[in-house]
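Asks: Have a look; sequence and predicted model below, questions after that.
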Amino acid sequence: MTPAVRQRVPFRFSEDDDLDGHVLDEQEQEEVLDRLRKQNQNSNAVYYTGLQFVVSLSLLIHAVFTFSSTKISPLAPLFPDSPSKPVPFTNALLLLQYMVHGNLILYCLPRKHHMRQMIPNASLPRSFSLPLPLSHPAAIVLPLIAPAYATFLGRGIVDVLWWSAAGILSLVVGLATKWMRDAEKDVEELDKLRYTARGA
(Lines give C-alpha, C1' and ligand atoms only; values in the text may rest on other atoms or scores of the structure.)
Protein backbone atom coordinates (compact mmCIF):
# COMPACT_ATOMS: atom_id res chain seq x y z
CA MET A 1 0.00 0.00 0.00
CA THR A 2 1.47 3.35 -1.05
CA PRO A 3 1.66 5.86 1.83
CA ALA A 4 -0.25 9.10 1.28
CA VAL A 5 1.89 12.16 0.75
CA ARG A 6 0.60 15.32 2.41
CA GLN A 7 1.03 18.36 0.20
CA ARG A 8 1.98 21.58 1.93
CA VAL A 9 -0.40 24.44 1.30
CA PRO A 10 1.64 27.60 0.62
CA PHE A 11 0.95 30.98 2.14
CA ARG A 12 -1.37 32.69 -0.33
CA PHE A 13 -3.04 36.04 -0.22
CA SER A 14 -5.08 37.88 -2.79
CA GLU A 15 -7.24 40.94 -2.94
CA ASP A 16 -8.11 40.30 -6.59
CA ASP A 17 -9.60 37.23 -8.25
CA ASP A 18 -7.03 37.58 -11.05
CA LEU A 19 -4.22 36.95 -8.54
CA ASP A 20 -5.61 33.78 -6.95
CA GLY A 21 -2.59 31.76 -8.09
CA HIS A 22 0.01 34.27 -6.90
CA VAL A 23 2.47 32.88 -4.35
CA LEU A 24 3.92 35.56 -2.07
CA ASP A 25 7.65 35.93 -1.55
CA GLU A 26 9.15 36.63 1.88
CA GLN A 27 8.83 40.40 1.67
CA GLU A 28 5.22 40.23 0.49
CA GLN A 29 4.38 37.81 3.29
CA GLU A 30 5.88 40.18 5.84
CA GLU A 31 3.94 43.11 4.38
CA VAL A 32 0.68 41.15 4.56
CA LEU A 33 1.33 40.13 8.17
CA ASP A 34 2.31 43.68 9.15
CA ARG A 35 -0.89 44.99 7.59
CA LEU A 36 -2.99 42.38 9.41
CA ARG A 37 -1.27 43.15 12.71
CA LYS A 38 -1.86 46.88 12.27
CA GLN A 39 -5.52 46.35 11.37
CA ASN A 40 -5.91 44.10 14.39
CA GLN A 41 -4.26 46.66 16.68
CA ASN A 42 -6.46 49.47 15.36
CA SER A 43 -9.67 47.48 15.76
CA ASN A 44 -8.64 46.35 19.25
CA ALA A 45 -7.98 49.98 20.23
CA VAL A 46 -11.53 50.86 19.18
CA TYR A 47 -12.99 47.92 21.11
CA TYR A 48 -10.97 48.73 24.24
CA THR A 49 -12.14 52.35 24.07
CA GLY A 50 -15.76 51.23 23.73
CA LEU A 51 -15.46 48.85 26.67
CA GLN A 52 -13.82 51.55 28.80
CA PHE A 53 -16.66 53.94 27.98
CA VAL A 54 -19.36 51.41 28.93
CA VAL A 55 -17.64 50.43 32.18
CA SER A 56 -17.06 54.11 33.07
CA LEU A 57 -20.72 54.91 32.39
CA SER A 58 -21.80 52.05 34.65
CA LEU A 59 -19.39 53.26 37.31
CA LEU A 60 -20.87 56.76 37.08
CA ILE A 61 -24.41 55.40 37.49
CA HIS A 62 -23.30 53.42 40.54
CA ALA A 63 -21.72 56.58 41.98
CA VAL A 64 -25.00 58.47 41.53
CA PHE A 65 -26.83 55.57 43.19
CA THR A 66 -24.36 55.66 46.09
CA PHE A 67 -25.24 59.27 46.92
CA SER A 68 -28.96 58.76 46.37
CA SER A 69 -30.99 59.08 49.56
CA THR A 70 -33.69 56.62 48.46
CA LYS A 71 -31.37 53.82 47.22
CA ILE A 72 -34.04 52.87 44.68
CA SER A 73 -32.88 51.02 41.57
CA PRO A 74 -32.14 53.38 38.65
CA LEU A 75 -34.01 50.87 36.48
CA ALA A 76 -37.27 51.44 38.37
CA PRO A 77 -38.70 53.90 35.77
CA LEU A 78 -38.32 51.17 33.12
CA PHE A 79 -40.36 48.70 35.17
CA PRO A 80 -43.23 50.68 36.72
CA ASP A 81 -45.12 47.49 37.57
CA SER A 82 -42.21 46.04 39.53
CA PRO A 83 -41.68 47.83 42.85
CA SER A 84 -38.16 48.60 43.99
CA LYS A 85 -36.97 49.03 47.55
CA PRO A 86 -33.58 49.29 49.22
CA VAL A 87 -31.67 46.07 49.84
CA PRO A 88 -30.16 45.49 53.29
CA PHE A 89 -26.38 46.00 53.45
CA THR A 90 -26.53 48.19 50.35
CA ASN A 91 -23.20 49.86 51.13
CA ALA A 92 -21.41 46.52 51.38
CA LEU A 93 -22.88 45.43 48.05
CA LEU A 94 -21.86 48.74 46.49
CA LEU A 95 -18.29 48.25 47.70
CA LEU A 96 -18.32 44.86 46.01
CA GLN A 97 -19.68 46.42 42.81
CA TYR A 98 -16.89 49.01 42.84
CA MET A 99 -14.32 46.24 43.21
CA VAL A 100 -15.80 44.45 40.20
CA HIS A 101 -15.76 47.66 38.16
CA GLY A 102 -12.14 48.33 39.13
CA ASN A 103 -11.23 44.85 37.94
CA LEU A 104 -13.12 45.44 34.69
CA ILE A 105 -11.28 48.71 34.10
CA LEU A 106 -8.00 46.79 34.28
CA TYR A 107 -9.39 44.19 31.90
CA CYS A 108 -10.29 46.96 29.46
CA LEU A 109 -6.65 48.00 29.21
CA PRO A 110 -4.43 46.35 26.61
CA ARG A 111 -2.37 43.50 28.06
CA LYS A 112 0.89 45.46 27.62
CA HIS A 113 -0.46 48.69 29.13
CA HIS A 114 1.89 50.05 31.83
CA MET A 115 -0.92 50.42 34.40
CA ARG A 116 -1.86 46.77 34.01
CA GLN A 117 1.77 45.75 34.55
CA MET A 118 2.37 48.12 37.47
CA ILE A 119 -0.65 47.63 39.75
CA PRO A 120 -0.12 43.98 40.79
CA ASN A 121 3.34 44.79 42.15
CA ALA A 122 2.71 48.28 43.51
CA SER A 123 1.16 47.83 46.95
CA LEU A 124 1.98 44.50 48.60
CA PRO A 125 5.05 42.27 48.74
CA ARG A 126 5.20 39.85 45.82
CA SER A 127 4.30 36.89 48.06
CA PHE A 128 1.05 38.63 49.11
CA SER A 129 0.13 40.56 45.96
CA LEU A 130 -3.06 39.68 44.10
CA PRO A 131 -2.91 38.74 40.42
CA LEU A 132 -4.71 41.78 39.03
CA PRO A 133 -6.89 41.89 37.11
CA LEU A 134 -8.63 38.99 38.81
CA SER A 135 -9.43 36.08 36.55
CA HIS A 136 -11.54 32.95 36.95
CA PRO A 137 -13.03 31.91 39.28
CA ALA A 138 -12.95 35.15 41.29
CA ALA A 139 -14.01 37.28 38.31
CA ILE A 140 -17.07 35.03 37.93
CA VAL A 141 -18.06 34.63 41.58
CA LEU A 142 -17.78 38.25 42.77
CA PRO A 143 -20.32 39.73 40.31
CA LEU A 144 -22.84 37.00 41.21
CA ILE A 145 -22.99 37.76 44.93
CA ALA A 146 -25.20 40.88 44.76
CA PRO A 147 -27.87 39.54 42.34
CA ALA A 148 -27.94 36.21 44.20
CA TYR A 149 -28.51 38.09 47.46
CA ALA A 150 -31.31 40.20 45.92
CA THR A 151 -32.92 37.04 44.56
CA PHE A 152 -32.61 35.34 47.97
CA LEU A 153 -34.44 38.29 49.55
CA GLY A 154 -37.27 37.87 47.05
CA ARG A 155 -36.74 41.24 45.38
CA GLY A 156 -38.42 42.03 42.06
CA ILE A 157 -36.87 41.91 38.62
CA VAL A 158 -35.95 45.60 38.74
CA ASP A 159 -33.68 45.10 41.78
CA VAL A 160 -32.21 41.82 40.57
CA LEU A 161 -31.34 43.36 37.20
CA TRP A 162 -29.77 46.40 38.82
CA TRP A 163 -27.51 44.30 41.03
CA SER A 164 -26.71 42.12 38.01
CA ALA A 165 -25.24 45.05 36.07
CA ALA A 166 -21.65 44.32 37.09
CA GLY A 167 -22.10 40.63 36.23
CA ILE A 168 -23.51 41.43 32.80
CA LEU A 169 -20.63 43.84 32.16
CA SER A 170 -18.16 41.16 33.27
CA LEU A 171 -19.65 38.78 30.70
CA VAL A 172 -19.48 41.39 27.92
CA VAL A 173 -15.89 42.36 28.75
CA GLY A 174 -14.85 38.72 29.05
CA LEU A 175 -16.32 37.77 25.68
CA ALA A 176 -14.89 40.86 23.96
CA THR A 177 -11.38 40.36 25.31
CA LYS A 178 -11.49 36.66 24.39
CA TRP A 179 -12.53 37.60 20.87
CA MET A 180 -9.62 40.06 20.62
CA ARG A 181 -7.15 37.47 21.92
CA ASP A 182 -8.45 34.94 19.40
CA ALA A 183 -7.89 37.46 16.59
CA GLU A 184 -4.30 37.98 17.76
CA LYS A 185 -3.74 34.22 17.84
CA ASP A 186 -5.09 33.93 14.29
CA VAL A 187 -2.42 36.35 13.08
CA GLU A 188 0.23 34.44 15.03
CA GLU A 189 -0.90 31.17 13.45
CA LEU A 190 -0.74 32.79 10.02
CA ASP A 191 2.81 33.90 10.81
CA LYS A 192 3.75 30.26 11.40
CA LEU A 193 2.60 29.39 7.87
CA ARG A 194 5.28 31.53 6.28
CA TYR A 195 7.61 29.74 3.91
CA THR A 196 10.71 30.41 1.84
CA ALA A 197 9.72 31.07 -1.76
CA ARG A 198 11.81 29.30 -4.37
CA GLY A 199 13.96 31.58 -6.47
CA ALA A 200 13.46 34.53 -4.12
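Replies: Structure's in. What do you need?

Asks: just how off-centre is the helix or strand harbouring Lys185 within its chain?
Replies: Lys185 belongs to helix 165-192 when elements are defined using DSSP states H and E. Helix 165-192 has its C-alpha centroid displaced from the chain centroid by 6 Å (Cα atoms, centre = their mean, to the nearest Å).

Asks: again, but for stretch 90-99
Replies: 21 Å.

Asks: In it, which residues are buried?
Replies: Across stretch 90-99, burial judged by 16 or more other Cβ atoms under 10 Å covers 93-94, 96-97. The way it works is simple: take the backbone N, C-alpha and C, and place the C-beta from them, glycine included.

Asks: ok, now stretch 146-158?
Replies: For stretch 146-158, the neighbour count (16+ other Cβ under 10 Å) marks 146-147, 149-150, 155-158 as buried.

Asks: mind listing which of the buried residues of stretch 90-99 are in strands?
Replies: Among the buried residues of stretch 90-99, no member falls in strands (DSSP state E).

Asks: so can I have a markdown table of the residues you listed showing pLDDT and distance to Leu104?
Replies: A markdown table is the format used below for those (pLDDT from 0 to 100; distance: Cβ to Cβ, whole Å):
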| residue | pLDDT | distance to Leu104 |
| --- | --- | --- |
| Leu93 | 94 | 16 |
| Leu94 | 94 | 15 |
| Leu96 | 93 | 13 |
| Gln97 | 94 | 10 |
